[in-house]
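Attaching a predicted model along with its sequence, questions to come.
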Amino acid sequence: MWTPEPISPCMIREIEEHPSSRQPRAGFPARRPRIVAEKEGIGVVQKTGLTRVTQREAKVMVSSRQAADYLAAYALRYREEYEALLNSHFEGVGRPPYPVSSYLGSPEITCHLCDDGYALADQSDEPGYDWWVAGGPAIMVDYSETRRPESVTAVLRQWGLLGQSIGIYRIVAKRELPQEVWDGTIPDPIEVRESRAGPTTFEVLKHRSTWLELIQRLTFGALGSVLDLKLPDDRTELWSPTTVHRMGFLTADYLHKRFFNYLELSPHVDYSAWDLRSMRARVQLDVRRDYAESVMRAETGSGAFIHFRKAEMPTETWREPLSTMRSRIADLERLLSSSTDESDYQRFLEANPVLLDVYGDVEAKPRFYYPEGASEGKVYVEPDFLVKYPNGTYRLVELERPGSPLLTRSGRPRAEVTQPAFQIAEWRTFIAQYYRELSARYPGISSDCPATIIIGHSSEPNIRTLRQVYRVDEVLTYEDLLLRAKAAFSRISTNH
């Protein structure tokens with residue numbers, strides 16, 4: 001099928017000035033130029049016709065078929081570029097494979113296409129817990145006179161969560177929202193197209209509604225009605241969408257909710273933004289920008305966020321955290337040569353959790369509180385560190401003094417050295433018995449999550465024996481921790 005070609009004002013002038021455009025050929029009647037598409041001064045030229053152009057340049061809008069084909073091709077190219085980035089030349093064995101984008105393998109991605117913008121939504125990988133009640137992260141749309149049911153308030157009060165930070169952020173609409181916005185009703189599409197790229201199905205839904213109205217309905221009025229995000233318009237740079245990551249939206253009556261693993265909002269629906277010829281440049285930008293954001297999230301431990309992107313390479317954003325990590329590794333090396341006090345290491349690793357685990361979100365001294373009356377005299381148990389990984393798994397970490405002897409002359413563990421194994425067993429028992437008390441803060445945590453003990457020095461004789469004595473997944477020395485931090489730094493540093 002023939003696709004309309006964009007035409008510029010200078011081309012229009014050339015055609016209009018050509019004699020054939022004004023004078024009929026011999027034997028033929030005069031022919032008026034036929035306008036085949038015109039909307040707000042935007043038009044296209046067809047084989048037998050001519051349009052008027054009243055804006056600075058004419059535009060052709062991407063069709064649903066073209067959008068579906070583009071998304072499938074983009075996903076395949078994105079995956080190739082991502083693999084190339086992981087295996088590119090730098091100091092070490094390769095970059096760690098962060099889950100940087102939905103394009104790497106989400107099962108279904110929906111593109112809502114309007115005449116003035118699009119919204120690309122991935123609703124896979126929804127948290128396995130009741131995120132809309134507690135845990136989130138989510139934005140709740142409400143009114144000044146709350147619509148939250150009393151039954152939900154009673155449950156939060158019973159769990160001791162009422163008034164606490166539970167990952168649900170309430171925003172208040174100043175005026176009544178249209179019912180279709182509050183309900184989150186998506187308009188029926190006028191056209192549906194599908195494409196596939198490996199495990200991913202792309203569904204493109206063409207709507208008559210405006211882009212802003214679609215955004216409002218997708219988020220129950222949170223974006224575009226209650227919160228003014230200053231969304232970009234079609235004058236902004238290409239490939240700089242507003243993106244939402246790992247965030248839910250719900251209404252205060254708990255009747256409507258959506259969780260977005262990824263939501264991409266852009267006003268660019270003209271064909272130039274979806275041209276296959278520029279895809280390679282876009283993919284190179286997007287892969288590096290997505291990876292840089294993942295590195296920053298690992299550094300800061302951030303979760304859900306809304307990002308206002310710019311179409312620029314993120315080289316500089318990688319250098320600051322890498323420079324900081326290099327400096328912290330040197331600090332740990334100096335500490336190992338000067339201190340044997342466990343509290344010094346606890347404070348140091350609390351301040352520099354990336355050295356403990358570069359791939360997870362590290363929390364120091366989390367307290368697991370017993371339900372009232374469940375324990376005689378003991379209020380809580382407290383691991384030294386808890387690491388949460390992007391895939392929803394956890395690791396318990398216990399620190400011990402690095403300087404005291406670990407084994408007797410006969411090779412048996414000293415009495416004080418067996419304490420960490422007991423503490424880990426106590427934490428696991430708590431998780432097994434009182435998961436409900438932890439589920440809001442640590443959804444998916446289980447009593448068989450791996451555990452690590454960090455203790456002693458590599459120079460300690462028979463240190464490997466402890467790995468057999470302790471029934472834990474890992475026993476590391478502080479030198480092991482330093483070597484791991486150096487190896488992680490090598491894998492994520494680059495030779496720019």
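Right, received. Where do you want to start?

The spatially closest residue to residue 445 that is not a sequence neighbour and residue 288: what is the separation?
Excluding the flanking residues, the one nearest residue 445 by CB to CB, 6 or more residues apart in numbering is residue 394, at 4.9 Å. Where you see a C-beta, it was placed from the backbone N, CA and C, and this is true even at glycine. Separation of residue 394 from residue 288 (CB to CB, to the nearest Å): 30 Å.

In contact with residue 116, which residues?
By CB atoms under 8 Å, 6 or more residues apart in numbering, the contact list for residue 116 reads 210-211, 234, 267, 269.

Out of these, list just those in helices.
residue 211 (DSSP state H).

sorry, back to before: verify the stated contact: the residue nearest to residue 445 with residue 386.
Yes - shown here, residue 394 and residue 386 form a contact pair, counting by CB atoms under 8 Å, at 6.2 Å.

who has more neighbours, the two?
residue 386 (23 against 20; other CB atoms under 10 Å).

State the three-state secondary structure for that one.
Under DSSP: H, G, I helix; E, B strand; the rest coil, the three-state class of residue 386 is strand.

mind listing what it touches?
Counting by CB under 8 Å, 6+ apart, residue 386 makes contact with 362-363, 366, 394-397, 442.

Among the residues you listed, which pair sits farthest apart?
With CB to CB as the measure, no two of the contacts of residue 386 lie farther apart than 397 and 442, at 14.3 Å.

re earlier: look up the residues that both of residue 394 and residue 386 are in contact with.
In contact with both residue 394 and residue 386: residue 442, using CB under 8 Å, 6+ apart.

who touches the nearest residue to residue 348 once chain neighbours are set aside in this structure?
Leaving aside its sequence neighbours, residue 348 sits nearest to residue 335 (CB to CB, 6+ apart; 5.9 Å). Residue 335 makes contact with 344-345, 348, according to CB under 8 Å, 6+ apart.

run the last query once more with 10 Å
341, 344-345, 348-349, 402, 478, 482 (CB atoms under 10 Å, 6 or more residues apart in numbering).

roughly how far apart are it and residue 358?
Per CB to CB, residue 335 is found 18 Å from residue 358.

Equivalent analysis for residue 133, please.
Taking CB to CB, one finds residue 133 at 32 Å from residue 358.

just residue 113 next, same as before
Here residue 113 is placed at a distance of 39 Å from residue 358 (CB to CB).

Count residues in the vicinity of residue 87, would you?
Other residues lying near residue 87 total 11 when counted by other CB under 10 Å.

what does residue 72 give?
By other CB under 10 Å, neighbour count at residue 72 equals 18.

Using the three-state scheme, assign it.
Recorded secondary structure, residue 72: helix (three-state DSSP).

show me the contacts for it.
Listed by CB under 10 Å, 6+ apart, the contact partners of residue 72 are 194-198, 200-202.

Now name the helix or strand holding the residue nearest the centre of the chain.
Compute the mean C-alpha point of the chain, and by CA atoms, centre = their mean the closest residue is residue 245, 3.9 Å away. Assigned by DSSP states H and E, residue 245 falls within strand 242-251.

Relative to the whole chain's centre, how far out is that strand?
Centroid separation for strand 242-251 versus its chain: 10 Å, with CA atoms, centre = their mean, to the nearest Å.

by contact count, what packs against that strand?
strand 117-122, strand 138-142, strand 168-172, helix 179-183, helix 211-218, strand 257-266, helix 279-300, strand 305-308 (3 or more CB pairs under 10 Å, 6 or more residues apart in numbering; DSSP states H and E).

Could I get those in TSV, plus columns for mean neighbour count, distance to residue 107 and mean pLDDT?
Converted to TSV, the helices and strands packed on strand 242-251 look like this (neighbours: other CB atoms under 10 Å; distance: least, CB to CB, whole Å; pLDDT from 0 to 100):
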stretch	mean neighbour count	distance to residue 107	mean pLDDT
strand 117-122	24	9	97
strand 138-142	23	22	96
strand 168-172	15	27	93
helix 179-183	16	26	97
helix 211-218	22	19	96
strand 257-266	21	11	96
helix 279-300	18	19	81
strand 305-308	14	23	79
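
quick one, which of those is nearest to residue 155?
For residue 155, the closest of the helices and strands packed on strand 242-251 is strand 168-172, at 12.9 Å, according to CB to CB.

partners of the closest one, with directions?
As defined by DSSP bridges, the strand partners of strand 168-172 come to strand 138-142 (parallel).

Domain-wise, how is this structure divided?
Listed domain ranges for the chain are 1-59, 65-313, 319-492 (source: automatic domain parsing).

could you give me the average pLDDT of the last one?
Domain 319-492 comes out with an average pLDDT of 79.

Could you list the low-confidence segments of the stretch 51-200 of the chain?
Applying pLDDT under 70 to the stretch 51-200 of the chain flags the ranges 51-58, 88-96.

let's see it at 90
The stretch 51-200 of the chain contains residues with pLDDT under 90 at 51-60, 83-100, 125-136, 148, 150-167.

Can you show me the helices along it?
Taking DSSP state H, counting those that start in this stretch as the test, the helices found in the stretch 51-200 of the chain are 64-86, 150-158, 179-183.

who wins for proximity to residue 430 among the ones you listed?
Using CB to CB as the measure, helix 150-158 is the one of the helices of the stretch 51-200 of the chain that comes nearest residue 430, at 19.8 Å.
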